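*Asks:* One predicted model, sequence on top.
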Amino acid sequence: MAASGKLASFRLPPLPTVGELIKLYNLRAEKQLSQNFLLDLRLTDKLVRQAGSLKDAHVCEVGPGPGGLTRSILNAGAADLLVVEKDSRFIPGLKLLSEAAPGRMRIVHGDILTYRMDRGFPVNISKPWEGEPPNLHVIGNLPFNVSTLLIIKWLENMANRTGPFAYGRTRLTLTFQKEVAERLTASTNSKQRSRLSIMAQYLCTVRNCFTIPGRAFVPKPDVDVGIVHFTPLVQPQIQQPFQLVEKVVRNVFQFRRKYCHKGVGKLFPEACRIELTQEMMQKADVDPILRPTELTIPHFRALADAYAHLCTQEPSLLSYDFREELRRKHLAGRRNTPVDTFIDMATGTPSPQQPC
């Protein structure tokens, strides 16, 4: 009886429904902001359960909107809920929720892409990286137009132990378009295997929890929505700087239907591309005619280590970008008049130095 009484104390007092709040404040989902409201509290409760126990937890909710997910987080027993909302139209409704849960909810009117989450919670909740995760969770029904950008930013934070990961191995429970959720969790040889698969899985245990049909959202999106849970690994599976890993993975997957050596080659300037591609593939001991989707994380670890070794021998390789080389060639092709040639000779502007 005592336990059930304590659980009951988490519940919010009677409030207008989320639907009533939307009508009360004349709230409409903005298409250009990729807003889709989840109003079914059974589904928001189910989503929150994927985070694990929130009893007495600290939680950051991203983009609470009209507050459906917010209610489920508070009802689950969160002691300290920080919501970050960019759209000022939702602030009055969130304040109503905050008043119904005195001392348990804080509102930040700002953009999660720039908000300093490492300053949002008390330092004493931190846990050593090698230990258990802190009692801190990031939960959010993310707008589709920022979800990929945001998870890449957080993965970089994770690699550097900054942002929400300044407190330790903070767990994330987030929504994505179903296709993105499948990419994040895709296994080797899967059609959905992608850059996102590698970047997430080398740093985290990633779990695709369940799918919410698009019809459950208002307005109904054209796609279903997947819930993904992330727990940072104690040791990343690739021990190289995030930017280097991301560059290698991005180059390999830009030719996902070609042999992997095609993308690896684009890490190097044309003048030394064949030679360095062969050296990198041999050093990594990776079969150059594997497709990107066939590469395992150990394959990518070997490729990243081999590329890092080549960059220590020739540091300018790290800043080389073949897209920039293509752009310069395109511009050079347009500058084909005698006047342009004369101007170049007169200014004496040297062409950019290329490594090799």
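*Replies:* Looks like it arrived, so ask away. None of the values given here were measured: they were computed from a predicted structure. Numbering: from 1, shown residues only.
*Asks:* Provide a list of residues in contact with the most centrally placed residue in the chain.
*Replies:* Centroid-nearest residue in the chain: residue 151, 0.7 Å away (criterion: CA atoms, centre = their mean). Contact analysis of residue 151 by CB atoms under 8 Å, 6 or more residues apart in numbering lists 174, 176, 184, 196, 200. C-beta coordinates here come from the backbone N, C-alpha and C atoms, glycine included.
*Asks:* Distance check, residue 40 against residue 216.
*Replies:* Distance, residue 40 to residue 216, using CB to CB, to the nearest Å: 6 Å.
*Asks:* same question, residue 244
*Replies:* 40 Å.
*Asks:* now residue 138
*Replies:* Distance from residue 138 to residue 216, by CB to CB: 22 Å.
*Asks:* Residue 118 now?
*Replies:* Taken as CB to CB, the span from residue 118 to residue 216 is 34 Å.
*Asks:* And these two? Which one has more around it.
*Replies:* residue 216 (18 against 15; other CB atoms under 10 Å).
*Asks:* which ones are touching that one?
*Replies:* Contacts of residue 216 by CB under 8 Å, 6+ apart are 38, 40, 43.
*Asks:* does the last one sit in a helix or strand, and which one?
*Replies:* Following DSSP states H and E, one finds residue 43 within helix 41-49.
*Asks:* for that helix, packing partners?
*Replies:* helix 68-75, strand 171-177, strand 204-212 (3 or more CB pairs under 8 Å, 6 or more residues apart in numbering; DSSP states H and E).
*Asks:* Serialize the ones you listed to TSV and add fields for mean pLDDT and distance to residue 251.
*Replies:* Shown next, in TSV, are those (pLDDT from 0 to 100; distance: least, CB to CB, whole Å):
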stretch	mean pLDDT	distance to residue 251
helix 68-75	94	37
strand 171-177	97	24
strand 204-212	97	22
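*Asks:* Select, out of the ones you listed, the one closest to residue 330.
*Replies:* Across these, residue 330 has its closest neighbour in strand 171-177 (32.8 Å, CB to CB).
*Asks:* Just after that closest one, pick out the following helix or strand.
*Replies:* In N-to-C order, the element after strand 171-177 by DSSP H and E is helix 178-185.
*Asks:* mean confidence for that following helix?
*Replies:* Helix 178-185 shows a mean pLDDT of 97.
*Asks:* quick check: angle from that helix to strand 171-177?
*Replies:* 140 degrees (axes from the mean of the first three to the mean of the last three CA atoms, to 10 degrees).
*Asks:* Give me the buried positions along helix 178-185.
*Replies:* 178, 180, 181, 182, 183, 184, 185 (16 or more other CB atoms under 10 Å).
*Asks:* That one: how far from the chain's middle?
*Replies:* Put simply, helix 178-185 sits 12 Å off its chain's centre (CA atoms, centre = their mean, to the nearest Å).
*Asks:* and the next helix or strand after that helix, C-alpha only, in CSV?
*Replies:* For helix 178-185, the succeeding helix or strand toward the C-terminus, using DSSP H and E, is helix 195-201. The C-alpha coordinates for helix 195-201 follow below in CSV (Å, rounded to 0.1, in the frame of the first residue of the first chain):
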residue,chain,number,x,y,z
ARG,A,195,27.1,6.3,-42.2
LEU,A,196,24.6,6.8,-39.3
SER,A,197,24.8,3.1,-38.4
ILE,A,198,28.6,3.2,-38.0
MET,A,199,28.7,6.6,-36.2
ALA,A,200,26.1,5.5,-33.7
GLN,A,201,27.2,1.9,-33.1
